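*Asks:* okay, here's the prediction I keep looking at, along with the sequence it came from:
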Amino acid sequence: MSKNVVIIGGGIIGLCSAYYLQKEGHQVTIVDQSNLDEGASYVNAGYLSPSHLIPLSAPGVMRKGIKWMFNPSSPLYIKPRLDLDFLRWTWAFNKSCTVKHVKKAIPVIKEITLISQDLYRDIRQKENFSFHFEDKGLLMLCKTEKMLEDEVEVARIAKQEGLDVSEISLEELKKLEPNVKLDVKGATYYKCDSHMTPHEFMSDMKLHLKQNGVHFFINEKVEDIELKGNKIFSIKTNKQIITADEFVLSAGSWSNLLSQKLGLKILLQAGKGYRINTKNPTSITIPAILAEAKVAVTPMNGFTRFAGTMEIAEINHNINKVRVEAISNAATRYYPEIHLTTQEKEGVACGLRPVSPDGLPYIGKSSTCKNLTIATGHAMMGLSMGTATGMLVSEIISEKKPSLNLVPFHPDRKF
Ligand SMILES: Cc1cc2nc3c(=O)[nH]c(=O)nc-3n(C[C@H](O)[C@H](O)[C@H](O)COP(=O)(O)OP(=O)(O)OC[C@H]3O[C@@H](n4cnc5c(N)ncnc54)[C@H](O)[C@@H]3O)c2cc1C
């Protein structure tokens, strides 16, 4: 049965949900407070990475986070605050930093990322999209023996899970990147990963959705939600009131602010990250993570992107120049011939990752609101999990059997 569906938030999750909902024959409207050309879904590193099997909430991360609080150029920064939402999130995050949780999360992350990767290929072919997409894998570049040992161990786990990954020698690395000077001790190579130029995918998808009857209300902020019984009756934007049969909450880092209007308590924090682009030729052909610095390097269409940092410090788009400098310095430490220019650094942009406490997204209906599907909390993996999330949202609203077990993603789950 065709339904009227309103999607709040048109980032990667909102657009992918619209795509599958429209294919199922629903009438779809996307409402977004932005111009739909900025934020996390545009500034990300473009990885479709089954390799990122280990959730952010892993043993030792909290300890590292506390140590890094005092280092202004650290890749992870958690700003301490006396705010109840933040304290609840921190408590739940800390509780999830266990070996048991990591073991449970690994197969879940693997499944949703592998399905998503296939769905991107499928959409690209079926819809004749032209966005840049490559299957070049991902290098984990290590400067120290200790980090290499850790990464070899992660690679062993990934291999056990059936992913195509191996440790490679410096000679093999030279063969893979013959025109790039690297100063590293060693690397692991995940052949299973893909990458893309994210704004190209977003443009292709927005055009496709418009051509197929999806309505867009852009620069329009959802300010309130009206409930009737245990269902949403309408949403109020700064311009109008919109009614619908079903609603999707995919407002990224802002999702918990809206969910509070419904009395829901989704634990979510914004994790800010930065990207610096260079159009100067770098000769880099394979995406890489600079393992100690936690900087992602991606050869995109016509430029190379350096992305990094996770600043959990409320919703804002302030640029912290010390962290921008840290990303740029890391680039030169690993690739001694690459020097990002002042102009490139001034062109930095940031985005907010919606970070759940256990490294898994929220996908599903909350028991307290019958016509609301929540799809958020993808943290560092929103692109990698985007298409499968959209498919699941459509299956939920169409009352079809979901392609994946939704229990690990349940918005009401306890931590
Ligand atoms: C530097 C960086 C690098 C990253 N690299 C990768 C990567 O390589 N691979 C990967 O998989 N992921 C990566 N990520 C994570 C990924 O980008 C995010 O998980 C993903 O973009 C989140 O998508 P989203 O649709 O949930 O949120 P968003 O893209 O933030 O979209 C949410 C939308 O909701 C709208 N909105 C919010 N509130 C309202 C309101 N009240 N009314 C109307 N509209 C509203 C916003 O305007 C926004 O457009 C990276 C992120 C960053 C910052």
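*Replies:* Cool, the structure landed. Numbering: from 1, shown residues only.
*Asks:* quick check on whichever residue of the stretch 1-150 of the chain sits closest to the ligand: phi, psi?
*Replies:* The stretch 1-150 of the chain approaches the ligand most closely through Gly11 (2.2 Å), counting by CB to the nearest ligand atom. All C-beta spots, glycine's among them, are computed from the backbone N, C-alpha and C. When read as degrees, to the nearest 10, the backbone of Gly11 gives phi -80, psi -160.
*Asks:* what of Asp193?
*Replies:* Phi and psi for Asp193, reported as degrees, to the nearest 10, are phi -90, psi 160.
*Asks:* for the residue nearest to it when sequence neighbours are not counted, the count of nearby residues, please.
*Replies:* Using CB to CB, 6 or more residues apart in numbering and skipping residues adjacent in sequence, the residue nearest Asp193 is Leu138, 4.0 Å away. By the measure other CB atoms under 10 Å, the count of residues near Leu138 is 27.
*Asks:* verify the stated contact: Gly386 with Ala18.
*Replies:* No: the criterion here is CB atoms under 8 Å, and Gly386 misses it with Ala18 at 11.7 Å.
*Asks:* tell me the helices and strands packed up against the helix or strand Leu15 falls within.
*Replies:* Using DSSP states H and E, Leu15 sits within helix 12-23. When contacts are defined as 3 or more CB pairs under 8 Å, 6 or more residues apart in numbering; DSSP states H and E, helix 12-23 packs onto strand 4-8, strand 27-31, helix 40-43, helix 198-211, strand 246-249, strand 372-376, helix 386-397.
*Asks:* report pLDDT for the closest residue to Leu56 other than its chain neighbours.
*Replies:* Leaving aside its chain neighbours, Leu56 sits nearest to Gly359 (4.7 Å; criterion: CB to CB, 6+ apart). Gly359 is assigned 95 on the pLDDT scale.
*Asks:* same deal with the one 10 residues further on?
*Replies:* Per-residue confidence for Cys369 comes out at a pLDDT of 95.
*Asks:* do the same with the one 4 residues further on
*Replies:* The predicted structure scores Thr373 at 98 on the pLDDT scale.
*Asks:* secondary structure class of Gly308, three-state.
*Replies:* Put simply, Gly308 is strand when judged by DSSP: H, G, I helix; E, B strand; the rest coil.
*Asks:* other residues contacting stretch 155-166?
*Replies:* For stretch 155-166, contacts defined as CB atoms under 8 Å, 6 or more residues apart in numbering pick out 50-51, 53-54, 106-107, 110, 140, 167, 188-192.
*Asks:* which of those has the most neighbours?
*Replies:* With neighbours defined as other CB under 10 Å, the most crowded of these is Pro50; it has 28 neighbours.
*Asks:* I'd say it and Asp193 touch.
*Replies:* Yes: at 6.5 Å, Pro50 counts as touching Asp193 under the criterion of CB under 8 Å.
*Asks:* quick one: contacts for the closest residue to Glu172 other than its chain neighbours?
*Replies:* Nearest residue to Glu172 in three dimensions, chain neighbours excluded: Tyr189, at 7.9 Å (CB to CB, 6+ apart). Applying CB under 8 Å, 6+ apart, we find Tyr189 in contact with 137-140, 165-168, 172, 176.
*Asks:* quick check: which element contains Tyr189?
*Replies:* Tyr189 is located in strand 186-190, with elements delineated by DSSP H and E.
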